[in-house]
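Peer 1: with the input below, show me the fold.
(one chain, ligands or ions: 3)
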Amino acid sequence: MIVGILKEIKTEENRVSMTPAGVEVMTAKGHQVLVESLAGVGSGFSNEAYQAAGAEIVAGAAEVYARSEMVMHVKEPQPSEYELIRPGQIVFTYFHFAAGEELTRAMLKTGAIAIAYETIVDADNTLPLLTPMSEVAGRMAAQQAAKYSERAQGGRGILLGGVPGVPPANVLVIGGGVVGTHAAQMACGLGAKVYLLDTNLNRLRHLSEVMPKNCFPMMSSPATIRDLVQQADVVIGAVLVHGAKAPKLVTREMLKTMKKGAVLVDVAIDQGGCFETSRPTTHTAPTYEVEGILHYCVANMPGAVPLTSTVALTNATLPYAAAIAAEDWREVVRKTPGIRAGVNVACGKVTYQGVAEAFGLEYTPVDQLLISIP
Ligand SMILES: NC(=O)C1=CN([C@@H]2O[C@H](COP(=O)(O)OP(=O)(O)OC[C@H]3O[C@@H](n4cnc5c(N)ncnc54)[C@H](O)[C@@H]3O)[C@@H](O)[C@H]2O)C=CC1
Ligand SMILES: CC(=O)C(=O)O
Ligand SMILES: [Mg+2]
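Peer 2: Ligands and ions are numbered 1, 2, ... in the order given. Now for the predicted structure:
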């Protein structure tokens, strides 16, 4: 198969969807890999490194789209790319469709096969291609919370861990999955008092066993959130309902009860955000204030640490890219339920229920689509 690696064009996005080491694996399997010129520079990989791994360097995105059977990105295609995507072409990347109606409608129009990293599942129903970036974003969430708690950054002017004689900050993490656990571990490591909420009781049992003593796993409910936000210096939003729009768990009314200058980090922003007052921001302008509360809502947090993130991402995506490239996508999807769960939009149909529900669009299960196309 001809596989195209595109340069990321989202603001301050320095990751790339395949490392030279990944290209070497793909070319050894007999695939032709086209890499858009300078796609890897933000992650420390030169054109020469890709050429040495067997890739062909291609001048621009238009040629990559025109020649590739499958294109890979990190972030969702941007509007300037919609016209370049061809019917039947596989686009393999993070899409987060449930938070992007324009993107969903644009991908429907292309007739392409949109396989979303974030909804591919493995045997235990976890998300193998979301996990590595959730690990990065979770850890970063605690770092960003610490930074924006500084006075000069607009925060309350507190140190998350306190010092001897001065109590630590209260950190509330909503969602005890990958992001939440990594955020809580980092905040605990800094010495903060951390409340970690989830709705899954078995998950809470596990967290109670493995988390440090300054972490308090608790059942998530509107009442608990309403109480805990009042004491919080930092709130980190880390919930996910697979492929669906995030539930709004912290309301504008609740902000009025919070300490002025407290910091909200909404990691779930890529699925629409779990705070009523969240809207996506960029690394260039990451924060804004509502009701005296600082909001940090960057939808591509791992893009800020590309040397870590690109390698972590390729470690996870490469086996899936190789599996998809190995044969016709319909065959791959028929026999691999985990990859089938990644197909969100295909041949002009919405094939993921959460996305169809988010925008009132018709839902066509992948199995049904496969029957109707040759
Ligand atoms: N902004 C960014 O740059 C990035 C954002 N993300 C996003 O972070 C979010 C979380 O991802 P993961 O941790 O990997 O998901 P996950 O599936 O590992 O964890 C989500 C957790 O939320 C819990 N949950 C669901 N509803 C809840 C509620 N009402 N209250 C409390 N907990 C609830 C679930 O039980 C689950 O344990 C996703 O939206 C993901 O796309 C991930 C990476 C980067
Ligand atoms: C998960 C995701 O959207 C990101 O890493 O940017
Ligand atoms: Mg994101």
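Peer 1: please count neighbours and contacts with C-alpha atoms only from this point.
Peer 2: Fine.
Peer 1: so which residues on this protein come close to ligand 1?
Peer 2: When proximity is defined by CA under 6 Å from any ligand atom, the chain lies next to ligand 1 at 130-131, 133-134, 137, 174-180, 197-200, 220, 238-241, 267-271, 298-302.
Peer 1: identify the spatial nearest neighbour of the closest residue to ligand 2 within the stretch 101-250 of the chain, chain neighbours not counted.
Peer 2: Nearest to ligand 2 in the stretch 101-250 of the chain, going by CA to the nearest ligand atom, is residue 133, at a distance of 4.7 Å. Nearest non-adjacent residue to residue 133, counting by CA to CA, 6 or more residues apart in numbering: residue 302, 6.3 Å away.
Peer 1: now the residue of the stretch 101-250 of the chain closest to ligand 2: which helix or strand?
Peer 2: Applying DSSP states H and E as the criterion places residue 133 in helix 131-148.
Peer 1: what packs against that helix?
Peer 2: Contacts defined by 3 or more CA pairs under 8 Å, 6 or more residues apart in numbering; DSSP states H and E place helix 131-148 against helix 178-189, strand 263-266, helix 306-326.
Peer 1: make CSV out of the ones you listed and add mean neighbour count and mean pLDDT.
Peer 2: Converted to CSV, the helices and strands packed on helix 131-148 look like this (neighbours: other CA atoms under 10 Å; pLDDT from 0 to 100):
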stretch, mean neighbour count, mean pLDDT
helix 178-189, 25, 98
strand 263-266, 30, 98
helix 306-326, 19, 98
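Peer 1: give me phi/psi at residue 2?
Peer 2: With angles defined as degrees, to the nearest 10, residue 2 sits at phi -90, psi 120.
Peer 1: could you measure it against residue 41, distance?
Peer 2: Applying CA to CA, to the nearest Å, the value for residue 2 to residue 41 is 22 Å.
Peer 1: please apply the same query to residue 164.
Peer 2: 44 Å.
Peer 1: just residue 329 next, same as before
Peer 2: Counting by CA to CA - residue 329 and residue 41 are separated by 30 Å.
Peer 1: okay, the two: which has more neighbours?
Peer 2: Of the pair residue 329 and residue 41, residue 329 is the one with more neighbours under other CA atoms under 10 Å, namely 18 against 15.
Peer 1: give me the angle between the strand or helix carrying residue 205 and helix 178-189.
Peer 2: Using DSSP H and E, residue 205 sits within helix 201-210. With axes from the mean of the first three to the mean of the last three CA atoms, to 10 degrees applied, the angle from helix 201-210 to helix 178-189 works out at 30 degrees.
Peer 1: elements contacting helix 201-210?
Peer 2: Against helix 201-210 (3+ CA pairs under 8 Å, 6+ apart) you get strand 215-219.
Peer 1: any idea of the mean pLDDT for the strand it packs on?
Peer 2: Taken as a whole, strand 215-219 has a mean pLDDT of 98.
Peer 1: could you do stretch 205-212 as well?
Peer 2: Per-residue scores along stretch 205-212 average to 98.
Peer 1: pull the contacting residues for the residue lying closest to residue 300 once chain neighbours are set aside.
Peer 2: Excluding the flanking residues, the one nearest residue 300 by CA to CA, 6+ apart is residue 13, at 7.3 Å. By CA atoms under 8 Å, 6 or more residues apart in numbering, the contact set of residue 13 is 300, 303-304.
Peer 1: just the residues you listed that are near ligand 2?
Peer 2: Okay, of the contacts of residue 13 touching ligand 2 (CA under 6 Å from any ligand atom), that's residue 300.
Peer 1: can I get the contacts of residue 13 in TSV with secondary structure, distance to residue 29 and neighbour count?
Peer 2: Formatted as TSV, the contacts of residue 13 follow (DSSP: H, G, I helix; E, B strand; the rest coil; distance: CA to CA, whole Å; neighbours: other CA atoms under 10 Å):
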residue	secondary structure	distance to residue 29	neighbour count
300	coil	31	23
303	helix	29	28
304	helix	32	18
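Peer 1: for the contacts of residue 13, give me JSON lines that also has pLDDT.
Peer 2: What follows is these, written out as JSON lines (pLDDT from 0 to 100):
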{"residue": "300", "pLDDT": "94"}
{"residue": "303", "pLDDT": "94"}
{"residue": "304", "pLDDT": "95"}
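Peer 1: ok, and the closest non-adjacent residue to residue 122?
Peer 2: residue 338 (5.4 Å).
Peer 1: tell me how far the one you found lies from residue 129.
Peer 2: In terms of CA to CA, residue 338 sits 11 Å off from residue 129.
Peer 1: anything in contact with each of those two?
Peer 2: residue 120.
Peer 1: and these two? Which one has more around it.
Peer 2: More neighbours surround residue 129 than the other of residue 338 and residue 129, with 26 against 20 (other CA under 10 Å).
Peer 1: any idea how far residue 78 is from the residue nearest to residue 179 when sequence neighbours are not counted?
Peer 2: Excluding the flanking residues, the one nearest residue 179 by CA to CA, 6+ apart is residue 138, at 4.1 Å. Residue 138 sits 25 Å away from residue 78 when distances are taken as CA to CA.
Peer 1: neighbour count winner among those two?
Peer 2: residue 138 (29 against 11).
Peer 1: isn't that one up against residue 180?
Peer 2: Yes. At 6.1 Å, residue 138 and residue 180 qualify as touching, with contact defined as CA atoms under 8 Å.
Peer 1: partner strands of the one helix or strand residue 57 maps to and their direction?
Peer 2: Assigned by DSSP H and E, residue 57 falls within strand 56-58. Here strand 56-58 is paired, per DSSP bridges, with strand 32-36 (parallel).
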